[in-house]
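# Build the 3D model from these lines:
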Amino acid sequence: MTDPGTSDGRVLLDVDPDRRIATITLNNPQQRNSYDAAMRDAIACCLDSVADNDDLTVVLLRGAGGVFSTGADMNNAYQWYGREASTDRPQESEARRRPSQRRRLAVDRRAFSFYHNFMGFPKVTVGEIAGHALGGGFEMALMTDIAVIARDTKIGMPATRFLGPALGSLHMFFYRLGPVLARRLLLTGDIIAAGDVEHLGIFTETTDPESVAARARYWAEKAAKMPADGVVIAKEAFRLVEQTQAYHGEEVASYLFHAFGTNLQFTPGEFNFVKTRAEHGTKEAFRLRDDYFHVPEPEA
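As a prediction, this is how the structure comes out:
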């Protein structure tokens with residue numbers, strides 16, 4: 001395996017030209033394969049390399065350590081936007097300044113271009129989904145052409161609980177999940193098991209955890225048998241159909257609403273993750289978040 005984009009080996013690329021398959025591995029298991037901007041850029045670099053390689057037909061995306069991805073690293077929610085020099089308030093700590101709306105829009109436009117490019121990737125994408133697929137990890141799982149997922153994999157968009165329900169690729173959620181499930185996950189931030197929605201056919205195959213890797217490899221090898229030119233033509237046709245029927249306006253709507261959502265104002269009594277994290281640390285903030293949002297099921 002090689003490391004094309006990060007110096008610390010958190011994104012790995014393995015190329016098998018004989019089988020025409022490239023494997024991209026998110027290799028940050030200590031943090032359940034959450035990713036920062038550098039890791040996301042490294043994934044994009046790998047995808048560009050595969051797209052330009054005429055000997056490859058399929059890319060298999062997976063996570064190390066039995067976990068796909070828990071999405072964006074939230075240890076520093078504003079780190080994604082970088083730091084701005086203070087010109088009008090020099091007395092204010094630079095680290096404590098919230099990013100401006102113009103910076104949010106500029107950074108989110110770049111971030112969401114990654115997801116749009118992945119969704120329209122010109123080769124077959126296969127997802128090996130296990131453990132957790134949350135936030136951006138959930139989006140990538142849904143965007144793969146063929147997704148094999150373990151029944152016990154936890155899926156959802158928990159960040160909606162502190163960034164608001166207008167989060168992520170909204171058109172894609174409604175198109176791939178259906179309006180009922182999309183609303184449920186976005187309006188509650190619920191995390192559910194993939195097996196609970198197996199009957200909806202959201203993923204290509206839902207299987208036992210110990211079979212995920214072998215089944216994903218099976219689908220990758222099956223798709224790699226297809227004519228390479230035919231795959232590229234088909235993927236562009238699929239992209240055109242989805243853009244005209246389902247994703248009209250998605251490219252703007254996703255980053256626009258995300259940029260607005262990260263600037264939410266919280267009223268007294270509402271859970272503020274950023275404030276709670278600053279006071280108690282990230283791990284405790286997640287625990288307090290889950291306690292706040294827990295509502296017991298009514299007794300039968």
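
# what sits against the residue nearest to residue 204 when sequence neighbours are not counted?
Excluding the flanking residues, the one nearest residue 204 by C-beta to C-beta, 6 or more residues apart in numbering is residue 146, at 4.6 Å. Every C-beta, even on glycine, is put in place using the N, C-alpha and C of the backbone. Under the criterion of C-beta atoms under 8 Å, 6 or more residues apart in numbering, the neighbours of residue 146 are 124-127, 204, 219-220, 223.

# how about 6 Å then?
Residue 146 makes contact with 126, 204, 219 under the criterion C-beta atoms under 6 Å, 6 or more residues apart in numbering.

# Take the residues you listed and lay them out in TSV including neighbour count, distance to residue 114 and secondary structure.
As requested, these are exported to TSV (neighbours: other C-beta atoms under 10 Å; distance: C-beta to C-beta, whole Å; DSSP: H, G, I helix; E, B strand; the rest coil):
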residue	neighbour count	distance to residue 114	secondary structure
126	29	18	strand
204	16	23	coil
219	22	23	helix
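
# how about the nearest residue to residue 198, chain neighbours excluded?
The spatial neighbour of residue 198 that comes closest, neighbours along the chain excluded (C-beta to C-beta, 6+ apart), is residue 206 at 4.3 Å.

# surely that neighbour meets residue 197?
No - Residue 206 lies out of contact with residue 197 (C-beta atoms under 6 Å); the separation is 8.5 Å.

# So for residue 278, what's the pLDDT?
According to the prediction, residue 278 has pLDDT 85.

# Buried residues of the strand or helix carrying it, list them for me.
The secondary structure element spanning residue 278 is helix 273-280 (assigned by DSSP states H and E). Taking 16 or more other C-beta atoms under 10 Å as the basis for neighbour counts, the residues of helix 273-280 that come out buried are 273-274, 276-277.

# still on that earlier bit, mind putting the contacts of residue 146 in JSON lines, pLDDT included?
Rendered in JSON lines, the data for the contacts of residue 146 read as follows (pLDDT from 0 to 100):
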{"residue": "126", "pLDDT": "98"}
{"residue": "204", "pLDDT": "98"}
{"residue": "219", "pLDDT": "98"}
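
# Quick one: distance of the helix holding residue 278 to the chain centre.
Here the centre of helix 273-280 is set off from its chain's centre by 23 Å, with C-alpha atoms, centre = their mean, to the nearest Å.

# again with stretch 284-300
24 Å.

# Render the CA-only coordinates of that stretch in PDB, please.
As requested, C-alpha coordinates have been extracted for stretch 284-300 and formatted as PDB (Å, rounded to 0.1, in the frame of the first residue of the first chain):
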ATOM      1  CA  GLU A 284     -17.700  14.500  27.900                       C
ATOM      2  CA  ALA A 285     -19.500  16.800  25.400                       C
ATOM      3  CA  PHE A 286     -20.600  13.800  23.300                       C
ATOM      4  CA  ARG A 287     -21.900  12.100  26.500                       C
ATOM      5  CA  LEU A 288     -23.800  15.200  27.600                       C
ATOM      6  CA  ARG A 289     -25.200  15.500  24.000                       C
ATOM      7  CA  ASP A 290     -26.500  12.000  24.100                       C
ATOM      8  CA  ASP A 291     -28.000  12.500  27.600                       C
ATOM      9  CA  TYR A 292     -29.700  15.700  26.500                       C
ATOM     10  CA  PHE A 293     -31.300  14.200  23.400                       C
ATOM     11  CA  HIS A 294     -32.300  10.900  25.000                       C
ATOM     12  CA  VAL A 295     -36.100  10.500  25.200                       C
ATOM     13  CA  PRO A 296     -37.300   7.200  26.700                       C
ATOM     14  CA  GLU A 297     -39.700   5.200  24.700                       C
ATOM     15  CA  PRO A 298     -43.200   5.200  26.100                       C
ATOM     16  CA  GLU A 299     -44.300   2.100  27.900                       C
ATOM     17  CA  ALA A 300     -46.600  -0.200  26.000                       C
END
